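>>> have a look at this fold, sequence not included:
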(Lines give C-alpha, C1' and ligand atoms only; values in the text may rest on other atoms or scores of the structure.)
Protein backbone atom coordinates (compact mmCIF):
# COMPACT_ATOMS: atom_id res chain seq x y z
CA UNK A 1 0.00 0.00 0.00
CA UNK A 2 1.14 3.54 -0.59
CA UNK A 3 0.05 7.14 -0.41
CA UNK A 4 1.05 10.59 -1.63
CA UNK A 5 -0.17 13.91 -0.22
CA UNK A 6 0.62 17.41 -1.44
CA UNK A 7 1.40 19.48 1.65
CA UNK A 8 2.36 22.65 -0.26
CA UNK A 9 2.48 23.58 -3.95
CA UNK A 10 6.13 22.44 -4.10
CA UNK A 11 6.17 19.88 -1.28
CA UNK A 12 4.80 16.31 -1.36
CA UNK A 13 4.70 13.65 1.34
CA UNK A 14 4.94 10.00 0.22
CA UNK A 15 4.90 6.70 2.06
CA UNK A 16 4.25 3.01 1.66
CA UNK A 17 4.33 -0.44 3.24
CA UNK A 18 4.56 -3.91 1.76
CA UNK A 19 5.06 -7.56 2.65
CA UNK A 20 7.06 -9.68 0.23
CA UNK A 21 7.67 -13.41 0.04
CA UNK A 22 11.02 -14.25 -1.60
CA UNK A 23 11.72 -17.85 -2.69
CA UNK A 24 11.65 -19.95 0.47
CA UNK A 25 13.55 -23.02 -0.74
CA UNK A 26 16.07 -23.07 -3.57
CA UNK A 27 16.80 -26.04 -5.79
CA UNK A 28 15.26 -29.48 -5.41
CA UNK A 29 15.68 -29.93 -1.68
CA UNK A 30 17.21 -32.98 -0.01
CA UNK A 31 16.63 -36.49 -1.38
CA UNK A 32 17.86 -38.87 1.35
CA UNK A 33 17.65 -42.48 0.28
CA UNK A 34 17.37 -41.63 -3.40
CA UNK A 35 20.90 -40.28 -3.76
CA UNK A 36 24.00 -41.29 -1.84
CA UNK A 37 27.53 -40.14 -1.22
CA UNK A 38 30.06 -42.35 0.50
CA UNK A 39 32.62 -40.12 2.25
CA UNK A 40 36.29 -41.01 2.42
CA UNK A 41 37.58 -40.51 5.97
CA UNK A 42 41.28 -39.80 5.64
CA UNK A 43 42.08 -39.51 9.35
CA UNK A 44 40.44 -39.48 12.77
CA UNK A 45 43.25 -37.66 14.62
CA UNK A 46 43.91 -34.52 12.63
CA UNK A 47 45.90 -36.30 9.88
CA UNK A 48 48.52 -37.61 12.31
CA UNK A 49 47.79 -41.14 11.10
CA UNK A 50 45.73 -42.32 8.13
CA UNK A 51 42.39 -43.93 8.85
CA UNK A 52 42.25 -45.66 5.49
CA UNK A 53 44.57 -46.54 2.67
CA UNK A 54 43.78 -47.11 -0.98
CA UNK A 55 43.63 -50.85 -0.35
CA UNK A 56 41.19 -50.49 2.58
CA UNK A 57 39.15 -47.53 1.27
CA UNK A 58 35.39 -47.97 1.65
CA UNK A 59 35.90 -51.33 3.38
CA UNK A 60 32.40 -51.05 4.83
CA UNK A 61 30.92 -50.76 1.37
CA UNK A 62 29.26 -47.90 -0.44
CA UNK A 63 26.17 -46.19 0.92
CA UNK A 64 23.31 -47.89 -0.94
CA UNK A 65 20.34 -46.32 -2.68
CA UNK A 66 17.49 -47.55 -0.45
CA UNK A 67 14.60 -45.24 -1.34
CA UNK A 68 12.24 -44.85 1.61
CA UNK A 69 12.50 -48.45 2.80
CA UNK A 70 14.62 -47.49 5.84
CA UNK A 71 12.32 -44.69 6.98
CA UNK A 72 13.93 -42.60 9.70
CA UNK A 73 17.08 -44.75 9.60
CA UNK A 74 17.98 -43.62 6.08
CA UNK A 75 21.66 -42.57 5.98
CA UNK A 76 22.15 -43.68 9.61
CA UNK A 77 25.85 -43.54 10.49
CA UNK A 78 26.46 -40.76 7.98
CA UNK A 79 25.58 -37.11 7.54
CA UNK A 80 22.20 -36.41 6.02
CA UNK A 81 20.06 -33.52 4.83
CA UNK A 82 16.66 -32.71 6.25
CA UNK A 83 13.73 -30.32 6.06
CA UNK A 84 11.77 -29.27 9.14
CA UNK A 85 8.18 -30.51 8.65
CA UNK A 86 6.99 -27.44 10.58
CA UNK A 87 9.08 -25.12 8.45
CA UNK A 88 8.34 -21.41 8.84
CA UNK A 89 7.79 -19.02 5.94
CA UNK A 90 10.47 -16.49 5.10
CA UNK A 91 9.09 -13.01 4.38
CA UNK A 92 10.13 -9.37 4.29
CA UNK A 93 8.42 -6.23 5.51
CA UNK A 94 9.38 -2.98 3.80
CA UNK A 95 8.24 0.53 4.51
CA UNK A 96 9.19 4.06 3.58
CA UNK A 97 8.09 7.63 3.99
CA UNK A 98 9.62 10.86 2.86
CA UNK A 99 9.32 14.31 1.37
CA UNK A 100 9.86 15.57 -2.16
CA UNK A 101 10.49 19.27 -2.69
CA UNK A 102 10.86 21.11 -6.01
CA UNK A 103 12.58 24.48 -5.41
CA UNK A 104 12.60 25.20 -9.17
CA UNK A 105 10.93 23.64 -12.22
CA UNK A 106 14.21 21.81 -13.00
CA UNK A 107 15.28 20.73 -9.51
CA UNK A 108 13.85 18.11 -7.14
CA UNK A 109 15.07 17.11 -3.66
CA UNK A 110 13.94 13.82 -2.08
CA UNK A 111 14.51 12.92 1.58
CA UNK A 112 13.27 9.42 2.43
CA UNK A 113 13.47 6.98 5.31
CA UNK A 114 13.54 3.31 4.20
CA UNK A 115 13.08 0.34 6.53
CA UNK A 116 13.37 -3.36 5.83
CA UNK A 117 12.70 -6.19 8.29
CA UNK A 118 13.40 -9.82 7.45
CA UNK A 119 11.53 -12.52 9.38
CA UNK A 120 12.57 -16.20 9.27
CA UNK A 121 15.41 -15.27 6.91
CA UNK A 122 16.86 -18.33 5.23
CA UNK A 123 20.50 -19.25 5.51
CA UNK A 124 22.41 -21.62 3.27
CA UNK A 125 22.42 -24.54 5.73
CA UNK A 126 22.58 -25.20 9.46
CA UNK A 127 23.65 -28.32 11.30
CA UNK A 128 20.73 -29.26 13.53
CA UNK A 129 22.81 -32.07 15.01
CA UNK A 130 25.22 -29.63 16.65
CA UNK A 131 26.39 -30.50 20.13
CA UNK A 132 24.84 -28.02 22.56
CA UNK A 133 27.64 -25.76 23.90
CA UNK A 134 26.15 -26.18 27.36
CA UNK A 135 28.15 -29.44 27.42
CA UNK A 136 31.42 -27.60 26.79
CA UNK A 137 31.89 -27.26 30.55
CA UNK A 138 32.80 -30.97 30.52
CA UNK A 139 36.00 -30.04 28.66
CA UNK A 140 38.14 -32.85 27.32
CA UNK A 141 35.87 -35.40 28.99
CA UNK A 142 33.73 -34.96 25.90
CA UNK A 143 36.46 -36.77 23.95
CA UNK A 144 36.59 -39.73 26.34
CA UNK A 145 35.86 -42.99 24.52
CA UNK A 146 32.71 -44.70 25.80
CA UNK A 147 30.78 -47.78 24.73
CA UNK A 148 28.91 -47.28 21.49
CA UNK A 149 25.24 -48.40 21.78
CA UNK A 150 25.01 -48.48 17.98
CA UNK A 151 27.86 -50.98 17.61
CA UNK A 152 26.65 -53.94 15.61
CA UNK A 153 23.60 -52.02 14.38
CA UNK A 154 25.47 -49.41 12.35
CA UNK A 155 27.89 -51.25 10.08
CA UNK A 156 29.35 -48.34 8.14
CA UNK A 157 30.02 -44.73 9.10
CA UNK A 158 31.44 -41.51 7.71
CA UNK A 159 31.61 -39.11 10.66
CA UNK A 160 34.50 -36.69 10.94
CA UNK A 161 36.73 -37.64 13.88
CA UNK A 162 34.90 -40.78 15.00
CA UNK A 163 33.27 -43.96 13.71
CA UNK A 164 29.68 -44.83 14.61
CA UNK A 165 30.30 -48.44 13.56
CA UNK A 166 33.18 -48.84 16.06
CA UNK A 167 32.89 -50.37 19.56
CA UNK A 168 33.57 -46.99 21.20
CA UNK A 169 32.89 -43.37 20.33
CA UNK A 170 33.63 -40.02 21.99
CA UNK A 171 31.20 -39.12 24.78
CA UNK A 172 30.18 -35.97 22.85
CA UNK A 173 28.94 -38.04 19.91
CA UNK A 174 26.22 -39.57 22.10
CA UNK A 175 25.18 -36.16 23.47
CA UNK A 176 24.24 -34.82 20.03
CA UNK A 177 20.48 -34.43 19.35
CA UNK A 178 20.55 -37.24 16.75
CA UNK A 179 23.51 -39.41 17.83
CA UNK A 180 22.83 -42.06 15.18
CA UNK A 181 23.84 -39.51 12.49
CA UNK A 182 26.96 -37.44 11.93
CA UNK A 183 25.64 -34.05 10.81
CA UNK A 184 22.01 -33.27 10.01
CA UNK A 185 22.02 -30.31 7.66
CA UNK A 186 18.84 -28.37 7.12
CA UNK A 187 18.83 -26.73 3.70
CA UNK A 188 17.79 -23.06 3.47
CA UNK A 189 16.81 -23.05 7.13
CA UNK A 190 14.44 -20.12 7.90
CA UNK A 191 15.99 -19.24 11.25
CA UNK A 192 17.36 -15.71 10.88
CA UNK A 193 16.35 -12.10 11.31
CA UNK A 194 17.51 -8.95 9.54
CA UNK A 195 17.07 -5.22 10.10
CA UNK A 196 17.85 -2.49 7.58
CA UNK A 197 17.32 1.24 8.16
CA UNK A 198 18.41 3.98 5.80
CA UNK A 199 18.11 7.69 5.12
CA UNK A 200 18.16 8.42 1.38
CA UNK A 201 18.78 11.93 0.09
CA UNK A 202 18.49 12.49 -3.66
CA UNK A 203 18.94 15.64 -5.72
CA UNK A 204 17.84 15.67 -9.36
CA UNK A 205 18.61 18.48 -11.80
CA UNK A 206 16.75 17.99 -15.06
CA UNK A 207 18.13 19.20 -18.37
CA UNK A 208 18.96 22.88 -18.01
CA UNK A 209 21.69 24.66 -19.97
CA UNK A 210 22.82 21.26 -21.18
CA UNK A 211 23.30 19.73 -17.69
CA UNK A 212 21.47 16.77 -16.17
CA UNK A 213 22.63 15.81 -12.66
CA UNK A 214 21.61 13.16 -10.13
CA UNK A 215 23.20 13.04 -6.68
CA UNK A 216 22.27 10.25 -4.29
CA UNK A 217 23.48 9.84 -0.69
CA UNK A 218 22.54 6.95 1.62
CA UNK A 219 23.22 6.68 5.34
CA UNK A 220 22.27 3.22 6.53
CA UNK A 221 22.75 0.29 8.90
CA UNK A 222 22.16 -3.37 8.08
CA UNK A 223 22.02 -5.93 10.91
CA UNK A 224 21.32 -9.67 10.81
CA UNK A 225 22.33 -12.95 12.41
CA UNK A 226 22.56 -15.31 9.41
CA UNK A 227 22.76 -12.89 6.54
CA UNK A 228 24.33 -13.50 3.14
CA UNK A 229 26.85 -11.32 1.24
CA UNK A 230 24.80 -10.39 -1.84
CA UNK A 231 21.45 -8.88 -0.94
CA UNK A 232 18.21 -9.11 0.94
CA UNK A 233 17.06 -12.24 -0.96
CA UNK A 234 20.40 -14.07 -0.78
CA UNK A 235 20.65 -17.59 0.64
CA UNK A 236 24.41 -17.53 1.08
CA UNK A 237 25.38 -17.30 4.70
CA UNK A 238 28.35 -17.20 7.01
CA UNK A 239 29.22 -20.02 9.40
CA UNK A 240 26.86 -20.34 12.35
CA UNK A 241 28.68 -20.83 15.64
CA UNK A 242 25.78 -21.89 17.79
CA UNK A 243 22.32 -22.75 16.47
CA UNK A 244 21.01 -22.65 20.04
CA UNK A 245 21.82 -18.93 20.37
CA UNK A 246 21.71 -17.14 17.02
CA UNK A 247 21.42 -13.81 18.85
CA UNK A 248 25.10 -14.15 19.76
CA UNK A 249 25.91 -13.89 16.04
CA UNK A 250 23.90 -10.72 15.45
CA UNK A 251 26.16 -8.14 13.82
CA UNK A 252 26.32 -5.86 10.83
CA UNK A 253 25.78 -7.72 7.57
CA UNK A 254 28.74 -8.38 5.30
CA UNK A 255 27.30 -5.84 2.81
CA UNK A 256 26.69 -3.09 5.39
CA UNK A 257 27.71 0.25 3.85
CA UNK A 258 26.95 3.11 6.27
CA UNK A 259 27.85 5.89 3.83
CA UNK A 260 27.37 5.87 0.07
CA UNK A 261 27.43 8.77 -2.38
CA UNK A 262 26.85 8.43 -6.13
CA UNK A 263 26.95 11.34 -8.58
CA UNK A 264 25.74 10.94 -12.17
CA UNK A 265 25.82 13.66 -14.80
CA UNK A 266 25.35 14.32 -18.50
CA UNK A 267 26.67 17.63 -19.86
CA UNK A 268 26.33 18.92 -23.38
CA UNK A 269 29.44 20.99 -24.08
CA UNK A 270 28.14 24.42 -25.21
CA UNK A 271 30.18 24.54 -28.41
CA UNK A 272 28.72 24.18 -31.91
CA UNK A 273 25.77 25.23 -34.00
CA UNK A 274 22.82 26.38 -31.91
CA UNK A 275 24.92 26.47 -28.74
CA UNK A 276 26.41 29.21 -26.60
CA UNK A 277 29.80 29.21 -28.26
CA UNK A 278 30.51 28.83 -31.98
CA UNK A 279 26.90 28.96 -33.03
CA UNK A 280 27.93 30.40 -36.38
CA UNK A 281 30.74 27.94 -37.24
CA UNK A 282 30.65 26.19 -40.61
CA UNK A 283 29.54 22.62 -41.11
CA UNK A 284 33.03 21.11 -41.30
CA UNK A 285 34.18 22.80 -38.09
CA UNK A 286 30.95 21.91 -36.33
CA UNK A 287 31.40 18.24 -37.32
CA UNK A 288 34.82 18.25 -35.66
CA UNK A 289 34.43 20.33 -32.49
CA UNK A 290 30.68 20.92 -32.10
CA UNK A 291 27.96 18.85 -30.48
CA UNK A 292 30.09 16.89 -28.00
CA UNK A 293 28.63 15.51 -24.80
CA UNK A 294 30.38 14.33 -21.63
CA UNK A 295 29.03 11.87 -19.06
CA UNK A 296 30.24 10.57 -15.73
CA UNK A 297 29.48 8.46 -12.67
CA UNK A 298 31.38 9.16 -9.44
CA UNK A 299 31.03 6.62 -6.62
CA UNK A 300 32.21 6.96 -3.02
CA UNK A 301 31.45 4.16 -0.55
CA UNK A 302 32.58 3.21 2.90
CA UNK A 303 34.35 -0.15 3.06
CA UNK A 304 32.63 -3.43 3.90
CA UNK A 305 32.97 -4.82 7.45
CA UNK A 306 35.61 -7.47 8.06
CA UNK A 307 35.25 -10.92 9.59
CA UNK A 308 38.28 -12.75 11.02
CA UNK A 309 38.40 -16.42 10.04
CA UNK A 310 39.50 -18.87 12.70
CA UNK A 311 41.53 -21.96 11.78
CA UNK A 312 40.30 -23.58 15.01
CA UNK A 313 42.41 -25.16 17.71
CA UNK A 314 42.38 -28.75 16.46
CA UNK A 315 39.46 -29.94 18.56
CA UNK A 316 36.28 -31.49 17.19
CA UNK A 317 33.36 -29.33 18.31
CA UNK A 318 30.75 -31.71 16.87
CA UNK A 319 29.01 -29.22 14.64
CA UNK A 320 29.66 -25.99 16.55
CA UNK A 321 31.65 -23.16 15.01
CA UNK A 322 34.37 -21.09 16.60
CA UNK A 323 35.47 -17.47 16.14
CA UNK A 324 38.78 -16.03 17.28
CA UNK A 325 39.17 -14.10 20.52
CA UNK A 326 39.75 -10.34 20.52
CA UNK A 327 42.47 -9.57 23.05
CA UNK A 328 43.44 -6.00 22.16
CA UNK A 329 42.79 -2.91 20.04
CA UNK A 330 42.01 -4.17 16.53
CA UNK A 331 42.98 -0.90 14.84
CA UNK A 332 46.48 -0.34 13.46
CA UNK A 333 48.13 2.97 14.35
CA UNK A 334 49.08 3.51 10.67
CA UNK A 335 46.96 1.20 8.51
CA UNK A 336 48.43 0.33 5.12
CA UNK A 337 48.58 -2.50 2.63
CA UNK A 338 51.23 -4.31 4.72
CA UNK A 339 49.15 -4.10 7.87
CA UNK A 340 45.55 -2.95 7.59
CA UNK A 341 44.67 -3.84 11.18
CA UNK A 342 46.44 -4.89 14.36
CA UNK A 343 47.02 -8.61 13.85
CA UNK A 344 48.26 -9.05 17.43
CA UNK A 345 44.78 -8.13 18.70
CA UNK A 346 43.51 -11.63 17.86
CA UNK A 347 44.14 -15.09 19.26
CA UNK A 348 42.82 -18.61 18.84
CA UNK A 349 39.89 -19.09 21.22
CA UNK A 350 40.48 -21.25 24.27
CA UNK A 351 39.47 -24.92 24.06
CA UNK A 352 35.73 -25.52 24.44
CA UNK A 353 34.78 -21.90 23.88
CA UNK A 354 33.15 -20.26 20.86
CA UNK A 355 35.38 -17.16 20.70
CA UNK A 356 34.34 -13.60 21.52
CA UNK A 357 34.90 -11.92 18.13
CA UNK A 358 31.73 -10.75 16.37
CA UNK A 359 30.59 -12.28 13.12
CA UNK A 360 31.48 -9.00 11.35
CA UNK A 361 33.17 -5.95 12.89
CA UNK A 362 31.19 -2.73 12.46
CA UNK A 363 34.29 -0.64 13.22
CA UNK A 364 36.88 -2.68 11.29
CA UNK A 365 36.36 -2.33 7.56
CA UNK A 366 37.96 -2.83 4.20
CA UNK A 367 39.36 0.27 2.43
CA UNK A 368 36.86 2.80 1.20
CA UNK A 369 35.90 2.73 -2.48
CA UNK A 370 36.32 5.79 -4.73
CA UNK A 371 35.81 5.63 -8.47
CA UNK A 372 35.21 7.98 -11.40
CA UNK A 373 33.89 6.65 -14.72
CA UNK A 374 33.83 9.29 -17.45
CA UNK A 375 33.05 9.45 -21.12
CA UNK A 376 32.84 11.79 -24.07
CA UNK A 377 30.62 11.21 -27.08
CA UNK A 378 29.20 12.75 -30.23
CA UNK A 379 26.43 11.81 -32.66
CA UNK A 380 26.93 12.26 -36.40
CA UNK A 381 23.57 12.40 -38.23
CA UNK A 382 23.61 10.57 -41.58
CA UNK A 383 19.95 10.88 -42.50
CA UNK A 384 16.60 11.16 -40.73
CA UNK A 385 16.56 7.67 -39.18
CA UNK A 386 20.26 6.88 -39.28
CA UNK A 387 23.05 8.27 -37.12
CA UNK A 388 26.54 7.32 -36.02
CA UNK A 389 27.86 7.67 -32.48
CA UNK A 390 31.52 7.89 -31.52
CA UNK A 391 32.40 7.70 -27.85
CA UNK A 392 35.43 7.21 -25.62
CA UNK A 393 34.91 5.81 -22.11
CA UNK A 394 37.35 6.01 -19.21
CA UNK A 395 36.68 3.54 -16.38
CA UNK A 396 38.47 4.57 -13.19
CA UNK A 397 39.42 7.68 -15.10
CA UNK A 398 41.86 9.05 -12.50
CA UNK A 399 43.48 5.61 -12.00
CA UNK A 400 42.73 5.72 -8.28
CA UNK A 401 43.92 2.61 -6.42
CA UNK A 402 40.93 0.86 -4.88
CA UNK A 403 42.12 -2.02 -2.73
CA UNK A 404 40.32 -5.23 -1.89
CA UNK A 405 39.81 -6.38 1.68
CA UNK A 406 42.90 -7.61 3.54
CA UNK A 407 43.60 -11.27 4.24
CA UNK A 408 41.32 -12.20 7.13
CA UNK A 409 42.51 -15.74 7.94
CA UNK A 410 44.20 -15.84 11.32
CA UNK A 411 47.49 -17.71 11.16
CA UNK A 412 48.05 -17.05 7.47
CA UNK A 413 51.37 -15.54 6.46
CA UNK A 414 49.41 -12.78 4.70
CA UNK A 415 47.07 -12.12 7.65
CA UNK A 416 46.16 -8.42 7.73
CA UNK A 417 47.86 -7.64 4.41
CA UNK A 418 46.22 -6.32 1.25
CA UNK A 419 47.52 -8.08 -1.84
CA UNK A 420 44.92 -7.30 -4.52
CA UNK A 421 43.16 -4.27 -5.95
CA UNK A 422 40.35 -3.41 -8.31
CA UNK A 423 41.03 -2.89 -12.02
CA UNK A 424 43.18 0.14 -12.89
CA UNK A 425 42.12 2.70 -15.49
CA UNK A 426 40.56 1.17 -18.58
CA UNK A 427 39.91 3.13 -21.78
CA UNK A 428 37.71 2.05 -24.64
CA UNK A 429 36.66 3.68 -27.91
CA UNK A 430 33.26 2.74 -29.36
CA UNK A 431 31.62 3.35 -32.72
CA UNK A 432 27.84 2.66 -32.89
CA UNK A 433 25.35 2.88 -35.71
CA UNK A 434 21.77 3.73 -34.68
CA UNK A 435 18.78 3.23 -36.96
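Now that the structure is in, tell me what you want to look at. Please read these numbers as outputs of a predicted model, since none were measured by experiment.
>>> use CA for all of it now, contacts and neighbours both
Will do.
>>> give me the neighbour count for residue 45.
If you count neighbours by other CA atoms under 10 Å, residue 45 ends up with 15.
>>> now do it against residue 115, distance only.
Here residue 45 is placed at a distance of 49 Å from residue 115 (CA to CA, to the nearest Å).
>>> flag every buried residue along the lengthiest strand in the chain.
Scanning the chain for the strand with the most residues, using DSSP state E, yields strand 190-208. The neighbour-count check on strand 190-208 (16 or more other CA atoms under 10 Å) flags 190-206 as buried.
>>> phi, psi for residue 99 please.
For residue 99, the backbone dihedrals (degrees, to the nearest 10) come out as phi -120, psi 140.
>>> where do the helices sit along the chain?
Taking DSSP state H, the helices of the chain run over residues 171-174, 283-289.
>>> quickly, which of those helices bottoms out on average pLDDT?
The stretch with the lowest mean pLDDT among the helices of the chain is helix 283-289, at a mean of 77.
>>> residues near residue 282, how many?
Applying other CA under 10 Å, we find 11 residues neighbouring residue 282.
>>> now it: how far from residue 3?
Computed with CA to CA, the distance linking residue 282 and residue 3 is 54 Å.
>>> do the same with residue 274
Residue 274 sits 43 Å away from residue 3, going by CA to CA.
>>> so the two - more neighbours on which side?
Between residue 274 and residue 3, counted using other CA under 10 Å, residue 274 has the larger neighbour count: 13 against 10.
>>> distance of that one from residue 268?
Distance of residue 274 to residue 268, given as CA to CA: 12 Å.
>>> what of residue 208?
10 Å.
>>> go on, residue 358?
50 Å.
>>> and what of residue 193?
48 Å.
>>> give the residue spans of the stretch 201-350 of the chain that score low on pLDDT.
227-239 (pLDDT under 70).
>>> how about the strands in it?
Using DSSP state E, counting those that start in this stretch, the strands of the stretch 201-350 of the chain run over residues 211-224, 251-252, 259-268, 293-301, 305-306, 325-326, 331-336, 339-341, 346-347.
>>> does residue 64 touch residue 74 like I think?
No - here residue 64 lies out of contact with residue 74, judged by CA atoms under 8 Å, at a distance of 9.8 Å.
>>> the two: who's more crowded?
Using other CA under 10 Å, the more surrounded residue of residue 64 and residue 74 is residue 74, with 19 against 14.
>>> got a list of what residue 413 touches?
By CA atoms under 8 Å, 6 or more residues apart in numbering, the contact set of residue 413 is empty.
>>> what about stretch 416-427, how long is it end to end?
Chord length of stretch 416-427, first to last residue, is 32 Å (CA to CA).
>>> give me the buried positions along that stretch.
Of all the residues in stretch 416-427, those buried under the rule 16+ other CA under 10 Å are 416, 417, 418, 425.
>>> quickly run through the sheet partners of the longest strand of the chain, with directions.
Looking at strand 190-208 with DSSP bridges, its partner strands are strand 107-122 (antiparallel), strand 211-224 (antiparallel).
>>> of all these, which one comes closest to residue 167?
strand 107-122 (38.6 Å; CA to CA).
>>> what does the closest one contact?
Contacts for strand 107-122 (CA under 8 Å, 6+ apart): 24, 88-103, 188-206, 226-227, 235.
>>> again, but for stretch 358-369
249-254, 299-308, 323, 330-331, 341, 402-406.
>>> and it, average pLDDT?
Per-region confidence: stretch 358-369 scores 95 on mean pLDDT.
>>> ends of it, how far apart?
Across stretch 358-369, first to last residue, CA to CA, it's 24 Å.
>>> wait, residue 43 sits on residue 49?
Yes - Residue 43 is within contact range of residue 49, at 6.2 Å (criterion: CA under 8 Å).
>>> these two: who's more crowded?
Ranked by neighbour count (other CA under 10 Å), residue 43 and residue 49 place residue 43 first, with 15 against 10.
>>> residues near residue 99, how many?
By the criterion of other CA under 10 Å, residue 99 has 19 neighbours.
>>> please read the previous query as pertaining to residue 406.
When neighbours are counted by other CA under 10 Å, residue 406 comes out with 23.
>>> and the one 5 residues further on, by the same measure?
By other CA under 10 Å, the residues close to residue 411 number 15.
>>> got a list of what it touches?
Contacts of residue 411 by CA under 8 Å, 6+ apart are residue 311.
>>> same check on the one 10 residues further on?
Under the criterion of CA under 8 Å, 6+ apart, the neighbours of residue 421 are 401, 402, 403, 404.
>>> how near is the first one to residue 422?
What it means is residue 401. For residue 401, the distance to residue 422 equals 7 Å [CA to CA].
>>> quick one: stretch 414-423 to chain centroid distance?
What separates the centre of stretch 414-423 from the centre of its chain is 19 Å, taken as CA atoms, centre = their mean, to the nearest Å.
>>> do the same with stretch 270-288
Stretch 270-288 sits 51 Å away from the centroid of its parent chain (CA atoms, centre = their mean).
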